[in-house]
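Peer 1: Here you go, sequence then predicted model.
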Amino acid sequence: MSQKELSVLLKVVVAVLAVFLAAVLVFFVPMLGRNVADYYAGNPLKEAVFGYAVPGIVALSSLPGFIALWLAWQIFTQIGRNNSFCVENAGRLRLISRLALGDTCVYVILAVAVLALGPKHPSVPLIFIALTLFGAAVTIACAALSHLTQKAADLKNDNDLTI
């Protein structure tokens, strides 16, 4: 597979992820918010928190996800240009890592707040655990890739200077 083919394939994956994320935000999150608000109709605090605040925070926390997808698109463009190991890609991966870390911290704080209110459904803690583990995995993977890309870019620059 050539660099250009790989770049196109990776961009297709990014586009599919962006469409999926947008669909979840437009259809699933509001529906879930309405269902939860109806479930807690007798308790105004839980209705407000679970029905409106949590879906709102989830929607806002999608912004770093879209920024990360845009940065990934730029990285994949560089791959198509046969410039995979460049300082810019290392910086983009570092930024994606920081965005994932920030999003993970938001979800940990949100999990503590939601669990303090005592949700009745047992899947709520499992969802927050899964989100936290996924965010931590993305943070660590992108930080490691950023470090390795930076080292490869440095080696490439040194080799270009010696020729």
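Peer 2: Yep, it's here. Residues are numbered from 1 along each chain as shown.
Peer 1: quick one, longest helix in the chain?
Peer 2: For the chain, the longest helix by residue count, based on DSSP state H, is helix 123-162.
Peer 1: tell me what that helix is packed against?
Peer 2: helix 87-116 (3 or more Cβ pairs under 8 Å, 6 or more residues apart in numbering; DSSP states H and E). In this view, the C-beta of every residue, glycine as well, is placed from N, C-alpha and C.
Peer 1: Helix or strand: which one has the nearest residue to Ala41 once chain neighbours are set aside?
Peer 2: Ranked by Cβ to Cβ, 6 or more residues apart in numbering and with sequence neighbours excluded, the top spatial neighbour of Ala41 is Glu47, at 6.2 Å. Under the criterion of DSSP states H and E, Glu47 resides in helix 44-48.
Peer 1: Can you name the next helix or strand after that helix?
Peer 2: Trace forward from helix 44-48 with DSSP H and E and the next one is helix 54-60.
Peer 1: Give me the below-cutoff pLDDT ranges for this protein.
Peer 2: The chain contains residues with pLDDT under 70 at 120-121, 163.
Peer 1: hmm, try it at 80
Peer 2: The chain contains residues with pLDDT under 80 at 33-34, 36-41, 43, 46-52, 54, 117-124, 160-163.
Peer 1: how about the spatially most central residue of the chain, what does it touch?
Peer 2: The centroid of the chain falls nearest to Gly65 when counting by Cα atoms, centre = their mean (4.0 Å). Applying Cβ atoms under 8 Å, 6 or more residues apart in numbering, we find Gly65 in contact with Leu21, Leu99, Asp103.
Peer 1: hang on, the earlier thing: residues near the residue nearest to Ala41, how many?
Peer 2: The tally of other residues near Glu47 (other Cβ atoms under 10 Å) stands at 16.
Peer 1: Distance check, it against Val112.
Peer 2: 20 Å (Cβ to Cβ, to the nearest Å).
Peer 1: Also Gln3?
Peer 2: Using Cβ to Cβ, Gln3 is found at 45 Å from Val112.
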